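Novice: okay, here's the prediction I keep looking at, along with the sequence it came from:
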Amino acid sequence: MRTLRTAPTRRRGRTGLAAAAVLALATSCSLVGTGEDDPAAVESTDGGGATSEPGGEVVLLTHDSFALPDQVVADFEAETGIELTIRPGGDAGALTNRLVLSKDNPQGDAVFGIDNTFASRALEEGVLADTDDDAVAWPDGVEQYALPGDDEQRLAPVDNGNVCVNVDTSWFAENGIEEPESLDDLTDPAYEGLFVTPGAATSSPGLAFLLSTVAEYGEDWPTYWEDLVANGAQITSGWTDAYQGSFTQGGGKGQRPIVLSYDSSPAFTVAEGSDESSTRALLDTCFQQVEYAGVLEGAENPDGAAAVVAWLQSPEVQAALPESMYVFPVVDGVELPADWARFAERPTDPYEVDPAEVAANRDDWLREWTDVTTR
Amino acid sequence: MRRALALLGLAALPLAVLGVFFALPVAGMVGRGFWPDGAFDPGAVAEVLARPRVHRVLWFTVWTASVATAAALLLGLPAAYALHRLALPLRGLVRGLLLVPFVLPTVVVGVAFRQLLGEGGPLAGLGWEGTPVAIVLGLVFFNVAVVVRTVGAAWESLDPRPGEAAAALGASPAQVFRTVTLPALRPALAGAASVVFLFCATGFGVVLTLGGTRYSSVETEIYLLTTNLLDLPAAAALSLLQLVVVVGLLLVAARTRRGSEAVVRRRAGRAARPVRPRWRDAPQVLLTVLLLAALAAPIGALVVGSLRVDGAWSLAYYRALGSPSQDGLLAVPVATAMLNSLRTAVDATWMALLLGGLVALTVTRRSRGRGERRVRATLDGLFMLPLGVSAVTVGFGLLITLDSGVLDLRDSPLLVPIAQALVALPLVVRTLVPVLAGIDDRQRQAAASLGAGPLRAVLTVDLPVVWRPLLAAAGFAFAVSLGEFGATAFLARDDAPTMPVAIFRLIGHPGLLNYGMALAASVLLAAATAVVVLAVERLRVPAMGAF
């Protein structure tokens, strides 16, 4: 009971100090009542004067990989008077499913980042608003990326990229082995234990690769995967584990010289002072991914949302796409960064699977794929 | 009647927060599974529960989490003793560093583990890569700090006199430990074990990055079903399974804790003094050093990786973090991301402390009668639930339930810190409850009879004893918030990227510079955590530390 013997006055002094400390900590650096440090908000008040039509606030829902230079966003806000709020969260799948689950009461006005493997679900569920009567005029070149079956142009193509098998050319040169070229080659015993890919169930490039094999082998794709696994292919859960962890040209200095990645990846493996990339995409193994934007059904500011979607197809945004989000523009005549133009070779005839077929079979394919690869 | 009202009053705020930000969202998501098209159809859920795959997934989750929990307890106990009871040099620093695994993003640690265990790595010969062994190792790596800190905090505030008395009566050190110390630590041990088990059972990134695609836990399965397949009945079935397992576990934990509380009284001031290590402490110290070495291996790989550029030592990756990124990948400079992280963490920390403090006070008041004790025990368990339920379910649930009227909180900047506070809350409660429970209620009665009001009694009786554990809990909550990625990844946030988001983005793209910068940013995040935790633990009420 010694505590009780302490004089009450001394106690009060201590606890008062403690309370003051806690209070100071809580008030000095709290985030509650944010807003003043939101760069977008500040910029829009700066340039809010030079307004033309839509104006108002537009909330753009997007995925975690979204990035655009601040200046591009600020210019858009100054030009239109729109206050753009960007809310990223989850990957393309989580984004689409979030929209589906909250379609009666959407959390924003526009969406960017639904890809061609999830697009059918978004359309079927009625997540996207019809664009007004006469069709919106997309810039030149965009039409070829339109989602098959989307006659109302609810989903506007914004960017594209290909998921391709990449090889470490320096490794193959050093070891005197010929580089593989096709999907078939990957099951060749000459390449046993050299391939690593992210899994289809847990990774979006992984799913794209599965779709490549579906496009190439049709009903027989499970047999191909059996052969692939039998040939020592390593399957990781995500792209990072495969590329950075297991690939010989990844950051973690792995042991496998063949990896599933993108057609843009070789532009990032150019050593300083070198004029050659140490990796190469196999252009006969590619699956094309397209990302779309659209106005949400039930948007509070549909005009503003339509302006944002159009802006995503504008020359400014299109030119910023490669370096901000590592994808290619869809609009004709947009200049690519020098490294990209030189090192990121593009397939002429990538694999395609009808998005409606993907939507109908995703569940079964993934289940069967999981069975085959974990047998 | 007045007591019941007072009980309710204390618990009202935490209960309201738990109800709105946890119970409602989970009920909403599970409800969607049972009412797939607006009509009640439990058949789909029942069908899922019968799938052999679901049984496999459940079994895998339970056994890996159990093994990892046991391992974390065995490894953490000696370290809790050595770092909290012995006057070892640098022990404060080491305690701060122990929290580093907590904030490291799983993807980064996954690559580090791969460098150690994978093909060509120094431990490749063990053949552990992509096996359950790697998963269990990863779970222990991330969670052993929970044991060290919660048990250590309780150990620190134990009154040493019963042990000394036993020793004076001829008990050997082992006997003292077995008959005096261990029973007194039982509530803390049970608490730590249940928290670790829940963390392990819902460990999402570890299973994915270290197990490849071969293994699925309940959590990864819910993620796949919700974010990819949109199979809500199946996700609901698994969420319910998760709840059943968690509630079962909490009942067992409560039983273990009961009856052993207040075996050894705790007192302010004097009990906390660490003792000089003696020769007989050598095994514990040695085990602690080994544990630290094992934890340091993957972290060391990260640090080295962040400093090696083209085969030479360099700070280039750290410098790159400061300059505006040439390709816009880092939408904001790393300093800004760090500031965002710290701010969110401050909010999450005070929320967790406030709510956790109220819960701990409520459940440790002396109960009159069985009914009241039961109510308090239930309350205690209730606040552990957020740890045991899928972050995906809660995250999606928040978006579909908090969407109208006064509860339209989907866009609130508070959502992220509150979600993180709910994850940290059980850690705060489990750190405080064993200590508060050890306070003799007669002290409070004496204070009351001397004229102190309820608040005054708390301030003069409880706070001095609970001050250090409270700081330990604050450090904990802070670290949880800094490292939290899973629960918040699904919430559409304001565009204010935090460090884990920035790191995730960097390491998710090809190029050595991006990879190096991701490692450097991880090291910075870890260092910042250690510094903040150390600073928080230095906060003392004057005269408290001096006694």
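Specialist: Nice, I can see it.

Novice: how near is the nearest residue to residue A:146 once chain neighbours are set aside to chain B?
Specialist: What sits nearest to residue A:146 in space, not counting adjacent residues and going by Cβ to Cβ, 6 or more residues apart in numbering or on different chains, is residue A:157, at 6.1 Å. Where C-beta positions appear, they are placed from N, C-alpha and C, glycine not excepted. Between residue A:157 and chain B the distance is 21 Å, computed by Cβ to the nearest Cβ, to the nearest Å.

Novice: one more: residue A:147?
Specialist: Where chain B is concerned, residue A:147 sits at a distance of 19 Å (Cβ to the nearest Cβ).

Novice: if we can go back for a sec, check for me that the residue nearest to residue A:146 belongs to a strand.
Specialist: Yes - assigned with DSSP: H, G, I helix; E, B strand; the rest coil, residue A:157 falls within a strand.

Novice: so what's it up against?
Specialist: A:138, A:142, A:145-147, A:290-292, A:313, A:330 (Cβ atoms under 8 Å, 6 or more residues apart in numbering or on different chains).

Novice: any idea what it is bridged to?
Specialist: With DSSP bridges applied, the residues forming beta bridges to residue A:157 are residue A:292.

Novice: give the residue spans of the stretch 51-200 of chain A that score low on pLDDT.
Specialist: Of all residues in the stretch 51-200 of chain A, those with pLDDT under 70 make up the ranges A:51-54, A:132-135.

Novice: can you redo the contacts of residue A:157 as CSV with neighbour count and secondary structure?
Specialist: As requested, the contacts of residue A:157 are exported to CSV (neighbours: other Cβ atoms under 10 Å in any protein chain shown; DSSP: H, G, I helix; E, B strand; the rest coil):
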residue, neighbour count, secondary structure
A:138, 17, coil
A:142, 19, coil
A:145, 20, helix
A:146, 17, coil
A:147, 21, coil
A:290, 23, strand
A:291, 27, strand
A:292, 28, strand
A:313, 21, coil
A:330, 26, coil
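
Novice: nearest to residue A:71, of those residues?
Specialist: Comparing the contacts of residue A:157 against residue A:71 with Cβ to Cβ picks out residue A:313 as the nearest, at 18.3 Å.

Novice: the closest residue to that closest one other than its chain neighbours and residue A:336, how far apart?
Specialist: Distances taken as Cβ to Cβ, 6+ apart put residue A:139 closest to residue A:313, at 5.5 Å, once the chain neighbours are dropped. Computed with Cβ to Cβ, to the nearest Å, the distance linking residue A:139 and residue A:336 is 16 Å.

Novice: quick one, domains of chain A?
Specialist: Chain A breaks down into these structural domains: A:17-158+A:290-336, A:161-288+A:341-373 (assignment by automatic domain parsing).

Novice: between these, which gets nearest to residue B:498?
Specialist: Judged by Cβ to Cβ, the one of these that comes nearest to residue B:498 is domain A:17-158+A:290-336, at 11.0 Å.

Novice: since we're on residue 184, how many residues are nearby?
Specialist: By default, I'm working from chain A. Using other Cβ atoms under 10 Å in any protein chain shown, residue A:184 has 14 neighbouring residues.

Novice: think we crossed wires, I meant chain B
Specialist: Other residues within reach of residue B:184 by the criterion other Cβ under 10 Å amount to 25.

Novice: before we move on, what about residue B:352?
Specialist: When neighbours are defined as other Cβ under 10 Å, residue B:352 has 29 of them.

Novice: go on, residue B:38?
Specialist: When neighbours are counted by other Cβ under 10 Å, residue B:38 comes out with 7.
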